[in-house]
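> 3D, please:
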Amino acid sequence: MKTSRIINIINNDNNYSIEIASQIKKQLVQYDYIIPENYNPDAELNISVGGDGSFLRSLRHNDFPEIPIIGINTGNLGFYPELSPKDIENFANDYCNGNYIVNKLQLLQCEICSEEVIYTVYALNDIAIKGDQTKTIHLDVFIDYNHLQTISGDGVIISTPMGSSAYNYSAGGSLVYPALNTLQVTPIAPLNSNAYRCLASSVIVPPDLHIIIVPEYKYIEKVVFSLDGEQMNFEKVTHANFFVAKKFINMISMGTFNYWKVIKEKFL
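Purely as a prediction, here's the structure:
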């Protein structure tokens, strides 16, 4: 891990987050760290101050950098941010003395293919495909080029193990332990009637298989992709190819993160 003595502090616009970011800066300056006003790609650490949304945005808006990241929770849920504001002083001391571990989290990659171009996007939690303007969407799902089913409903979610507790869980998907290198396919409000037969539950897919989604355009004009909650509209999408990316992020842990404890406290 490089030691540039530069640390980026990335916070949302909430007054409390701004106050906590200022406190962190004061602590780190005492250890001779440089805190730039603007994002520095040569930093040795990124600190996200906010909730899960702020944590995910800090990654996406900086192209999922390999710079290690840790979150300080000033939001509501706080699944990714391991620390609370009361931990600031201990964190600064522990980080300076190397008392932490770095966990590699692989990303979900999606190639969105249109008639003219291929867009490559990434997500840490999930990518959802939906119809435009809340219309019912019909999606052919292929697992490693084998047709599984046509899903009719509000859409489908492809999630990582870390993202299994987010949108996927709200849609009825399964919780998957982060160490399991898998992807999960979960329908969103699927239609089940004499005319439509859809998956009643999610499907867990091993990391070496591709998931291909082909939209049907009989009733819709465009497809909406939600990348970790941020929406993007695409027209004339022929198919989308999902797989485990070679790209990853480095998330720092101070040794206090316990997956099952977090699941119980935050979700159960």
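> Sketch out the low-pLDDT regions of this structure for me.
Low-confidence segments of the chain (pLDDT under 70): 1-2, 194-195, 218-220.
> Which parts of it are helices?
All helices of the chain, identified by DSSP state H, fall at 15-29, 52-60, 88-96, 167-170, 259-267.
> Identify the residues contacting the residue nearest to Phe243 when sequence neighbours are not counted.
In space, and not counting its chain neighbours, Phe243 is closest to His210: 4.8 Å by Cβ to Cβ, 6 or more residues apart in numbering. Placement of C-beta: from N, CA and C, glycine included. Going by Cβ atoms under 8 Å, 6 or more residues apart in numbering, His210 touches 143-145, 241-243.
> picking that back up, export the helices of the chain to TSV and tack on mean neighbour count and distance to Thr182?
Shown next, in TSV, are the helices of the chain (neighbours: other Cβ atoms under 10 Å; distance: least, Cβ to Cβ, whole Å):
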stretch	mean neighbour count	distance to Thr182
helix 15-29	16	33
helix 52-60	22	20
helix 88-96	17	32
helix 167-170	19	12
helix 259-267	13	15
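> Kindly reformat those helices as a markdown table containing distance to Cys198.
Shown next, in a markdown table, are the helices of the chain (distance: least, Cβ to Cβ, whole Å):
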| stretch | distance to Cys198 |
| --- | --- |
| helix 15-29 | 41 |
| helix 52-60 | 28 |
| helix 88-96 | 46 |
| helix 167-170 | 16 |
| helix 259-267 | 25 |
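> Quick one: closest of those helices to Lys236.
helix 52-60 (24.2 Å; Cβ to Cβ).
> how big is the angle separating the closest one from helix 259-267?
Counting by axes from the mean of the first three to the mean of the last three Cα atoms, to 10 degrees, helix 52-60 points 120 degrees away from the direction of helix 259-267.
> pull the CA atoms of helix 52-60 into PDB?
C-alpha atoms of helix 52-60 as PDB (Å, rounded to 0.1, in the frame of the first residue of the first chain):
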ATOM      1  CA  ASP A  52     -24.200   3.900   2.400                       C
ATOM      2  CA  GLY A  53     -25.300   6.200  -0.500                       C
ATOM      3  CA  SER A  54     -22.300   8.500   0.100                       C
ATOM      4  CA  PHE A  55     -20.000   5.600   0.300                       C
ATOM      5  CA  LEU A  56     -21.200   4.100  -3.000                       C
ATOM      6  CA  ARG A  57     -21.200   7.600  -4.800                       C
ATOM      7  CA  SER A  58     -17.600   8.200  -3.600                       C
ATOM      8  CA  LEU A  59     -16.600   5.100  -5.400                       C
ATOM      9  CA  ARG A  60     -18.700   5.500  -8.600                       C
END
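> for that helix, packing partners?
Of the remaining helices and strands, those touching helix 52-60 by 3 or more Cβ pairs under 8 Å, 6 or more residues apart in numbering; DSSP states H and E are strand 7-11, strand 45-50, strand 69-73.
> most tightly surrounded among the ones you listed?
Compared across the helices and strands packed on helix 52-60, strand 45-50 shows the largest average neighbour count, a mean of 27 (mean count of other Cβ atoms under 10 Å).
> Quick one: list the elements packing against that strand.
In terms of contacts (3+ Cβ pairs under 8 Å, 6+ apart), strand 45-50 is packed against strand 7-11, helix 15-29, helix 52-60, strand 69-73.
> Nearest to Gly229, out of those?
Proximity to Gly229 (Cβ to Cβ) singles out helix 52-60 among the helices and strands packed on strand 45-50, at 6.8 Å.
> rewinding a little: just send the helices and strands packed on strand 45-50 back as a markdown table, with distance to Asn192 too.
Formatted as a markdown table, the helices and strands packed on strand 45-50 follow (distance: least, Cβ to Cβ, whole Å):
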| stretch | distance to Asn192 |
| --- | --- |
| strand 7-11 | 43 |
| helix 15-29 | 43 |
| helix 52-60 | 31 |
| strand 69-73 | 39 |
